[in-house]
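Asks: sequence plus predicted model, see below.
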Amino acid sequence: MASTHTPAHPAGPAAGTQLLDHPGPNGSEARDSAARGSDHAGAAGPAGPAGHRDPFAPEAESSRHRLPRQTRGASPLLGVTAVAATLGATGFAAATPAAAPAVEAPDETPVALAADPGLALAARIQQQADSQRTAAEESARLQAAQEAAAKAAAKEAEAKRAAEEAERAKAAALTLPVKDYNLSAHYGQSARYWAHLHTGLDFAADTGTAVYAVGQGTITSAGWSGAYGYRIVETLPDGTEIWYCHLSSIIKGSGEVTSGQQIGKVGATGNVTGPHLHLEVRPGGGAPVDPEPWLQQHGLNP
């Protein structure tokens, strides 16, 4: 910084005062002016020639003590920022509406239903209808399954019953005792070699021809029986006895037999004139009856 000493006024108000060196073009200008003034003062004295001011005059003194100029810089911007902050604090900034945040709208159906009682009631009615329809469908399905199971059980029971009936029919079915034969004597005939009237039906066949059980039953007797020769007695379920006489051999002497099962063979044992099967039918184990109509009643035609 430059300093100027004033010898003409040692005790003046500007004694010892230092002039501030102002930057910028104005400050340099003041320095040049002061230098020129000093030169002129030294040459011409206090009362210099016309056109030259005294540098120590009051006007010059006041110009020396002017306030320094402020340089332009960031201060105005800082002032604007401060003003803006102040206005924002007082609510000016709030006057500008801020952009609302984007909020995804939820499903409008509950809002609409809640807002409209009619829609809510319709929804409840529809829900009840759906529940009732589902319950009805489930009930129908269960009922159909039960009906199908009942039909299957009934069908199975019917099949079982049919099988049992077939078995009973088979058991009740009768068969002829000999398959290859000729009838040689009928019931009630008389002859000299019979002590009484003929009590049975004779099936003449070769010796060893198979003899079959007439029906399902139980063999209650088998063995030698005098004039009957070798004999087998079968008892049917109704108590009727069937006698197989003059056998050459006994194959089944006891136990259960089925219709058509072989139980012996044709022979000529006992009081006979040739090989044949003497067949007698005794209902309830009593007196013999004519075997021919009895067989016909059971579907057989000897």
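Replies: Great, that's in hand.

Asks: can you list the strands that the helix or strand where residue 231 lies pairs with?
Replies: Element membership of residue 231 [criterion: DSSP states H and E] is strand 230-235. Applying DSSP bridges, strand 230-235 is found paired with strand 217-224 (antiparallel), strand 241-250 (antiparallel).

Asks: next secondary structure element downstream of the last one?
Replies: Per DSSP H and E, strand 241-250 leads on to strand 255-257 as the next helix or strand towards the C-terminus.

Asks: what packs against that following strand?
Replies: strand 217-224 (3 or more CB pairs under 8 Å, 6 or more residues apart in numbering; DSSP states H and E). For the C-beta atoms, the positions are set from N, CA and C on the backbone; glycine is no exception.

Asks: grab the CA positions of the strand it packs on and hand them over as PDB.
Replies: Provided in PDB are the C-alpha atoms of strand 217-224 (Å, rounded to 0.1, in the frame of the first residue of the first chain):
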ATOM      1  CA  GLY A 217     -77.000-136.900  -1.800                       C
ATOM      2  CA  THR A 218     -75.200-139.100   0.800                       C
ATOM      3  CA  ILE A 219     -74.300-142.800   0.500                       C
ATOM      4  CA  THR A 220     -75.800-144.300   3.700                       C
ATOM      5  CA  SER A 221     -75.200-148.000   2.900                       C
ATOM      6  CA  ALA A 222     -72.900-150.000   0.600                       C
ATOM      7  CA  GLY A 223     -72.200-153.800   0.500                       C
ATOM      8  CA  TRP A 224     -73.600-157.300   0.000                       C
END
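
Asks: for it, give the mean pLDDT please.
Replies: Strand 217-224 carries an average pLDDT of 96.

Asks: list the buried ones in that strand?
Replies: 217, 219, 222 (16 or more other CB atoms under 10 Å).

Asks: quick one: residues contacting the first one.
Replies: Okay, so that is residue 217. Contacts were defined as CB atoms under 8 Å, 6 or more residues apart in numbering; by that measure residue 217 touches 234, 235, 236, 237, 242, 256, 257.

Asks: now, which of those residues sits nearest residue 187?
Replies: Using CB to CB, residue 242 comes nearest to residue 187 of the contacts of residue 217, at 14.1 Å.

Asks: could you pull out the helices for the chain?
Replies: Assigned by DSSP state H, the helices in the chain fall at 24-44, 58-64, 75-90, 108-115, 117-172, 291-297.

Asks: show me the shaky parts of the stretch 101-250 of the chain.
Replies: Within the stretch 101-250 of the chain, the set of residues satisfying pLDDT under 70 comprises 101-115, 171, 191-195.

Asks: same thing but 80
Replies: 101-115, 167-172, 190-196 (pLDDT under 80).

Asks: residues touching residue 232, list them.
Replies: When contacts are counted by CB under 8 Å, 6+ apart, residue 232 touches 219, 221, 222, 243, 244, 247, 250, 252, 253, 263, 264.

Asks: before we move on, the earlier item: so which of the buried residues of strand 217-224 comes closest to residue 294?
Replies: The closest of the buried residues of strand 217-224, once distances to residue 294 are taken by CB to CB, is residue 217, at 14.6 Å.
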